[in-house]
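> Fold the following.
(2 chains)
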Amino acid sequence: MCEAIVCIRNMAASGNPLIDSHAPQQGDVVFVAPDGWNWGKDELSNATPFFRILKFPNVTESQASIMLAREVDADPQNPSLYLQFRANFFDKTKIPAGVISQYWNDDTRAAPFISIPYTAAQLQNIISSRPPYVVPDAT
Amino acid sequence: MTTTKTIGSGGGRDYSTIQTWYAAFNLNSITGWTGLTENDTEFKNTASIVLSGNSTTTLNRILLTTDTGQSAFDSTSNALAYNGGATPPSGASPLANGVGVRKTTNYNDTITVEDNYVTINKIQFQAPIGADQVISDNNMTLTASAVSQCLFQINASPGHACVNVRSLPITNCVIIVNASGGDGLNLGYVSGSLSANNTIVRPSDKTAAANGIKANGNARCVNNATFGFSTPINQNGNTFTGSNNATDGASIGFGTGNLTGLTYTSQFVGTVSTAMDFRIKTGAALIDAGNTDTTDIPAANDIFGTSRPQGSAWDIGAHELAASGVSGSGALLEIQDALTATGTVLISGSGALLERQDSLAATGTVLVSGSGALLEIQDALAATGSVASGIAGSGALQEIQDTLAATGTVLVSGTGALLEIQDALAATGTVTLPAVTGSGALLERQDLWNGQGTNGAVQQGGHFLPLSKKELESIRKEARRLQKARESAWAERSKEIDDISREMSEIAHPKPKLSRPILTLPTKPEVDDGEDEELELLLLHS
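This next block holds a predicted model:
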């Protein structure tokens, strides 16, 4: 029913909290597409060893789109400059050992994608909310 | 070396979405990361595209643009509205005009820019009902990021403004608030905020409301066209610099060269929400009314990439109305019938137009410039309207065998700009005397030339006509006076000459001393003067 491309590494690279706080992190869903999506060559290969494509035949695009929500500002009157790329993420620690875990850990990307027959409820079991970004101590 | 990737959902592209292409930057790029979007299908997103989290530098920049021939702004025949004003396709079909990005859910932005050294251009964006804005920088203070040659359209009153930026410079963009309320562009939170050559509009069939541009700090605004707003530019207590902004509203409030109170529908091709097309219309006041601003737009181009200016000056807004141009070496070798244009006719470049055997007419400017740009005209070269007809450059127009006429100025300048005219060169209208300046600007005239040259600019000419009746009468009167004086002087002189001649004749031929008297019969009664009386008596008696 839908497909998602997931980042499996922390992409922050600048050392600047204003930038790094916004970077995709491990488990963040970058994009949700309808079933049968024409992914790009780099997205499907180890040209991007930090991406994985997960196909969810039992989850709708709308249900999966919860993974695209950005971290919400806790105090809109005093907007944070460190809001993170996504509010929720696929939690690697919650993914059971097996084919999904093997695919997740295979940076060669021998298989371009994996199909996960989870229902929306089952999917919730491997999702966690992103904790607030902790600004590194300048000292 | 910049890494370039294609982005499209048609299969076989490097990336299928803008977001994944952007997220792949940090672990791929060394000195630059360019994404070329393809018009495979419309880029539809349920979430905002967020350009953030990447470690960019002045040497490691990110460019999001379109591939060759994929932009809605690659053709000047495309209407300036999202998808040319047509409804975006719901299926997989590409957009009619070029790459388009549309958010399909409410709230937030269609695209958010939060990184430094990011440039976006040549893409059209749309936000749905309930969106806060089409693009924002999320209140970030960015370094060297910019948006140019894009279109942003929102189809309901935005939560903030169609474009809501703190520090992101916006140039050559069209911003459409297709709704009853909401601002067009909010900017100016930090020093250096810029809006240059943007067209910011609410369709003319909607009641004017809100602000075209609203300031939240000091900013620079140059050559912007804002139409359909209660307040064209609201400085909101801040200081704006810049000039040459135009509006249908009553005032701009700062700067020089502004145009106010313009007729909205006269400026753009289509101004109503059912037929939007915010390209400049022929005859619009926005044409040639802008300021030359290569500081803010170094490329000196417009949203389509057309170079500025096309006429005598930059146009105001995102679109520079293209001249009907003939340029390049031998671009147009011969025309044997009429060449007509409702806009500007620009002939430039070496030998761009080699021969004209019939009329060349334009309701706007006729510009002939460059070496030998127009080699020969055998019939009329005419331009009507208030704009000058310019002939400039070395040998720009080498020969005219018939009338060169303009209702405006005829300007001939530069060395040998016009080599020969064999018939009338005339200019009527508010400026009636053609200016011929420069060394040998007009080398030869074999017929009427109605004008005044300076400093030997006309090296050879036939005669100068026409003069007014008053001038002619004055000349005739003076001529009659001179003729009388001449005749009087001549009569007096003639008498003097006669006297002198007689005296000289007497000196040369004195009366002889006769040895023998000769009887001379008088031809008229003798008058006794007493002289030689005795001799006469002696002769009679002898």
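> Return the helix or strand in chain B with minimum mean pLDDT.
Least confident helix or strand, chain B: strand B:452-453 with a mean of 38, by mean pLDDT, DSSP states H and E.
> which stretches of the stretch 51-200 of chain B have low pLDDT?
Applying pLDDT under 70 to the stretch 51-200 of chain B flags the ranges B:130, B:191.
> Any idea how far stretch A:65-83 is from the middle of the chain?
Stretch A:65-83 sits 16 Å away from the centroid of its parent chain (Cα atoms, centre = their mean, to the nearest Å).
> Just give the number of residues close to residue 25.
Just so you know, I chose chain A. 20 (other Cβ atoms under 10 Å in any protein chain shown). C-beta here means a position set from N, CA and C on the backbone, and glycine is covered the same way.
> Sorry, I should have been clearer: chain B.
The number of residues packed around B:F25, counting by other Cβ under 10 Å, is 25.
> same deal with B:M504?
Neighbour tally, B:M504, other Cβ under 10 Å: 10.
> ok, the spatially closest residue to A:F113 that is not a sequence neighbour - how many residues close by?
Nearest non-adjacent residue to A:F113, counting by Cβ to Cβ, 6 or more residues apart in numbering or on different chains: A:I53, 3.8 Å away. By the criterion of other Cβ under 10 Å, A:I53 has 23 neighbours.
> residue contacts, the spatially most central residue of chain A?
Centroid-nearest residue in chain A, with Cα atoms, centre = their mean: A:D28, separated by 1.9 Å. Going by Cβ atoms under 8 Å, 6 or more residues apart in numbering or on different chains, A:D28 touches A:V6, A:C7, A:F85, A:R86, A:F89.
> Could you tell me which of the residues you listed are located in strands?
A:V6, A:C7, A:F89 (DSSP state E).
> Closest to chain B out of these?
A:C7 (6.3 Å; Cβ to the nearest Cβ).
> Nearest to chain B within chain A, name that residue for me.
Closest point on chain A to chain B, by Cβ to the nearest Cβ, is A:A23, at 2.9 Å.
> what helix or strand is that residue on?
Under DSSP states H and E, no helix or strand contains A:A23.
> Grab the nearest non-local neighbour of it.
A:A23's closest residue in space is B:G53 (Cβ to Cβ, 6+ apart), at 2.9 Å.
> go on, A:Q63?
Nearest non-adjacent residue to A:Q63 (Cβ to Cβ, 6+ apart): A:A120, at 4.5 Å.
> picking up where we left off before, who wins for most neighbours among the ones in strands among the contacts of A:D28?
Counting by other Cβ under 10 Å, top hit in those: A:C7 with 25 neighbours.
> any idea of the pLDDT on it?
What the model reports as pLDDT for A:C7 is 97.
> ok, it - contacts?
A:P24, A:Q25, A:Q26, A:G27, A:D28, A:V29, A:V30, A:F50, A:F51, B:A23.
> Got a quick ChimeraX command for the buried subset of those residues?
Typed into ChimeraX, the line below selects the buried ones among those, using 16 or more other Cβ atoms under 10 Å in any protein chain shown:
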select /A:24,25,26,27,28,29,30,50,51 /B:23
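> Show me where the chain has its helices.
Because you didn't say which chain, this covers chain A. A:17-20, A:41-44, A:61-64, A:99-105, A:120-124 (DSSP state H).
> oops, I was thinking of chain B
B:18-23, B:469-508, B:533-541.
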